[in-house]
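*Asks:* how would this look folded up:
(2 chains)
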Protein chains: 2
Amino acid sequence: MCPETKWVTSAVVAVGEELLSGETTDTNGPWLGRKLALMGAPVVRRWVVGDDSEAIQAAVSEALAVADLVVVTGGLGPTSDDLTRPAVAEFLGLDLRADPQIVEELRTRFRARGFTESPESNLSQAVVPRGARVLKNSFGTAPGLLMEHEGHSIALLPGVPREMRGIFEEVLDQAIRDGFGDRLVPLVHRTLHTTGIAESLLGEQVGDVRAEIPPEVELAFLPGLRGVSIRISTRVRADRVQKSLDEAQAVLEPVLAPYRIGMETGDLLKAIAELLERGSLTLAIAESCTGGLISKRITDFPGSSTFFRGGVIAYADQVKTQLLGVDERVLAESGAVSETVAIQMARGVADRLNSDIGVGITGIAGPGGGTFEKPVGTVSFAVTEGARVRVSQKMFGGDREAVRERASQATLLLLYQMLADEN
Amino acid sequence: MCPETKWVTSAVVAVGEELLSGETTDTNGPWLGRKLALMGAPVVRRWVVGDDSEAIQAAVSEALAVADLVVVTGGLGPTSDDLTRPAVAEFLGLDLRADPQIVEELRTRFRARGFTESPESNLSQAVVPRGARVLKNSFGTAPGLLMEHEGHSIALLPGVPREMRGIFEEVLDQAIRDGFGDRLVPLVHRTLHTTGIAESLLGEQVGDVRAEIPPEVELAFLPGLRGVSIRISTRVRADRVQKSLDEAQAVLEPVLAPYRIGMETGDLLKAIAELLERGSLTLAIAESCTGGLISKRITDFPGSSTFFRGGVIAYADQVKTQLLGVDERVLAESGAVSETVAIQMARGVADRLNSDIGVGITGIAGPGGGTFEKPVGTVSFAVTEGARVRVSQKMFGGDREAVRERASQATLLLLYQMLADEN
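*Replies:* As a prediction, this is how the structure comes out:
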């Protein structure tokens, strides 16, 4: 046997007609590919099959021939086209029985929603193969299942991505680590997040120092609407891993420094929250073109109620003048998209909502509304704290969604910079 | 043989390590799934394999066992990890030879770019299995190939999506039609969108009328955080298709009616926008727990400025009382999450922003803030138009993100229902 066979391998089977017909793109496969590779159990083959017992069984059989761990996603729901559980149980020769604990949990869940009886179809989700370990689903009704078969492990997970990811992260991840132990030689990686620089420019600057980075460390650029991340990864003996990654990071840090925020997590909001809490500062936001997106992003953050007082979405010009006190003359002369209006919105919302910091943003998200002087994508945004002001006007590319995402990121970055300078 | 075996079936094999590791999401599979289903050669199984001859051959062998047409994507490039061509030729027992015409085309292409010699690695792309038909690639250097094998067809296409799609649309589409003729019977489908009902309950209600739906029509349930869609599909002679789907839809409509909005597109916001525009009504929104999400969703809709005046994000209780006029006593007695507060928020924001309709929402998105009486997930929401009021309080399951998504959908649904009743 070649030495690689000591390492753990995985295979993934995705179940669902909608994946074959192309109505849905399978994102579970790539997600599991990344997770399992990092864990040291890389995926070596993947199958996509329809809602068809024979096909599910054929794929599981072929998967067991090439992998130590087989993860099946989809087909665990309560309807008649959900066949994964009985198909796999039959293939492995396991009886199905109702698990009393799952039945009870389903009943409780439905009672909490005001139903007196659980629908019979949901109780089908409580039927599990004998000997299977039940993996708790905190995000939905169908639990995951983990079975052993002739030295292989087989996990069944729901197809809904948030449920699949939830079960994997909360339970299955640890179960795989417990099961395979030190046979897992993981690919270890770190992600260095940046924002405010284009991928091509970042690539050039990193290219200049590539030769100084240890050769066993690989680099990947991951671009997104909110910034570009650089992933550094290596798969070497455990005692070498941290040293290799530390050396690579030490070379990259000086190059990336101007574009690094929320260094550990890449989470701009967390970095902002920390600065606000450190200064005991409160925040209010006035949004026009982003229409609530920035406030929504801030309140995605669970602890935001300690510093976020609220906001005003001033979509109509009248709301800008009447509720935020934007000067009608300025609005008429410079138009709704101007730095002056952004500043007045920021000051107005801080005043009305009684906050220390105000943020104002106004722009043209498109597709309509652009002019020759102010084309679609033009956005003005300001951050104020009493007399202090930071303001900027930019042109963002892309469609309505991209303009709004990029504008929200640039505004949060301006807020972060103002807070960081003061601390 | 069952009658289905007369119909043409396809299988897809995607080759590439980056697809297994999750660095790239395979979009070729879903694209081919849609194209081939519409053509009448639906994909019945899909494989994703690495750059590994043995795995490619195993997948092609398994694919030939279940499908008339096998499409292999990827692994046709000029580098040493591109193994599809030799692996498939060896499996089919075909010699490889350099195709003089491709060699000439590659030379011409390289000369046009100013090179006097073609790189040797690129000439490997001119090596094709004997008897294979060469499919011209207008978008890159690697041509596609089409082979016959014991009554099956095998097509090899590049993995780069634009090249794969280009060859399919310019050449392969017609070649498949010529090859399979009237054995191609297309699958036609319609999607009926619902919101406000759980998948299991919907499944039961639909189950009750299943027997009345023509047997040639198949049903699939597609659940998401914003609702459940039902896909009805059939694969019969062209002159029967519309009749079968019409009959199925006629049976389903009465069952689904209470949960159907934006009948054609499933787009709740579009349906709301139409009703607001028809009644020349304006809208303003006061959000607490959703923190801007509902306003963000409304302003995702490009035409929203005609009816949306704006909103107030009343995250702090003081903003609820001072800016929206919520009664301090009510807040103290019934707490921030109550139907009375939701109504006062809706009335307050309509008043302050001078709109016809007001929406108010307040709740506990979690993870903290829950109590015994009002656990995490409790949300009150109201819609008002002058003296008219609709109000509701619900418990939503899931994490912070799920609670906020579900609450926003339920609130928009309440708004839709109030508008629909008045028209």
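*Asks:* Looks like residue A:361 contacts residue A:291 (just checking).
*Replies:* No. The pair residue A:361 / residue A:291 is not scored as a contact, 9.9 Å apart, by CB atoms under 8 Å. In short, each C-beta sits where N, CA and C put it, glycine included.
*Asks:* Would you mark the buried spots in the longest helix that chain A contains?
*Replies:* Ranked by number of residues, the top helix in chain A under DSSP state H is helix A:400-422. If you call a residue buried by 16 or more other CB atoms under 10 Å in any protein chain shown, then helix A:400-422 has these buried ones: A:400, A:403-416, A:418-419.
*Asks:* give the contact list for the closest residue to residue A:398 other than its chain neighbours.
*Replies:* On the basis of CB to CB, 6 or more residues apart in numbering or on different chains, the spatially nearest residue to residue A:398 that is not a chain neighbour turns out to be residue A:406, at 6.9 Å. The neighbourhood of residue A:406, defined by CB atoms under 8 Å, 6 or more residues apart in numbering or on different chains, consists of A:225, A:396-398.
*Asks:* I'd like the distance between the nearest residue to residue A:188 once chain neighbours are set aside and residue A:217.
*Replies:* Of all residues not flanking residue A:188 in the chain, residue A:241 sits nearest, at 4.8 Å (CB to CB, 6+ apart). Distance of residue A:241 to residue A:217, computed by CB to CB, to the nearest Å: 10 Å.
*Asks:* quick one: the helices in the stretch 1-150 of chain A?
*Replies:* Counting by DSSP state H, counting those that start in this stretch, the stretch 1-150 of chain A has these helices, from start to end: A:17-20, A:28-39, A:53-66, A:84-92, A:100-112, A:120-123.
*Asks:* Nearest to chain B among those helices would be which one?
*Replies:* Comparing these by their distance to chain B (CB to the nearest CB), the top pick is helix A:28-39, with 3.0 Å.
*Asks:* hey, what's in contact with both of residue A:241 and residue A:217?
*Replies:* If you check residue A:241 and residue A:217 against CB under 8 Å, 6+ apart, the residues they both contact are residue A:234.
*Asks:* Name the SS class of the residue nearest to the spatial centre of chain A, please.
*Replies:* Centroid-nearest residue in chain A: residue A:162, 10.2 Å away (criterion: CA atoms, centre = their mean). Secondary structure of residue A:162, reduced to three states by DSSP: H, G, I helix; E, B strand; the rest coil: helix.
*Asks:* How many residues are close by the spatially closest residue to it that is not a sequence neighbour?
*Replies:* Here the nearest residue to residue A:162 in space, its sequence neighbours aside, is residue A:139; by CB to CB, 6+ apart that works out to 5.3 Å. Here the neighbour count serves as a burial measure; for residue A:139 (other CB atoms under 10 Å in any protein chain shown) it reads 21.
*Asks:* again, but for residue A:387
*Replies:* What residue A:387 shows, counting by other CB under 10 Å, is a neighbour count of 6.
*Asks:* quick one on the thing from earlier: could you give the mean pLDDT of the longest helix of chain A?
*Replies:* For helix A:400-422, mean pLDDT rounds to 91.
*Asks:* Any idea how far that helix is from the middle of the chain?
*Replies:* In terms of CA atoms, centre = their mean, to the nearest Å, the centre of helix A:400-422 is set 19 Å apart from its chain centre.
*Asks:* Would you mind measuring from the residue nearest to residue A:398 to residue A:417?
*Replies:* As it turns out, when the distance is counted by CB to CB, residue A:406 lies 16 Å from residue A:417.
*Asks:* Would you tell me what the next helix or strand after the strand or helix carrying residue A:359 is?
*Replies:* Element membership of residue A:359, judged by DSSP states H and E, is strand A:357-363. Tracing the chain past strand A:357-363, the next element assigned as helix or strand by DSSP H and E is strand A:378-385.
*Asks:* By mean pLDDT, flag the weakest helix or strand of chain A.
*Replies:* One helix or strand of chain A scores below all others by mean pLDDT, DSSP states H and E: helix A:120-123, with a mean of 70.
*Asks:* Contacts for the helix or strand hosting residue A:331 next, please.
*Replies:* Under the criterion of DSSP H and E, residue A:331 resides in helix A:328-334. Judged by CB under 8 Å, 6+ apart, the contacts made with helix A:328-334 from elsewhere in the structure are A:317, A:320-321, A:338, A:340-341, A:344.
*Asks:* buried set for it?
*Replies:* The neighbour-count criterion (16+ other CB under 10 Å) identifies A:330-331 as the buried residues of helix A:328-334.
*Asks:* how near is the residue in chain A sticking out farthest from the centre to residue A:347?
*Replies:* Residue distances from the centre of chain A (CA atoms, centre = their mean) peak at residue A:329, which lies 43.3 Å from the mean C-alpha position. Plainly put, residue A:329 is 16 Å away from residue A:347 if you go by CB to CB.
*Asks:* cool, residue A:238 as well?
*Replies:* Taking CB to CB as the measure, residue A:238 and residue A:347 are separated by 55 Å.
*Asks:* out of those two, which sits in the more crowded spot?
*Replies:* Summary of the neighbour comparison: residue A:238 and residue A:347, criterion other CB under 10 Å, with residue A:347 having more neighbours (22 against 10).
*Asks:* Please look at the more buried one and residue A:386 and confirm they touch.
*Replies:* No. Contact between residue A:347 and residue A:386 fails when scored by CB under 8 Å: they sit 9.0 Å apart.
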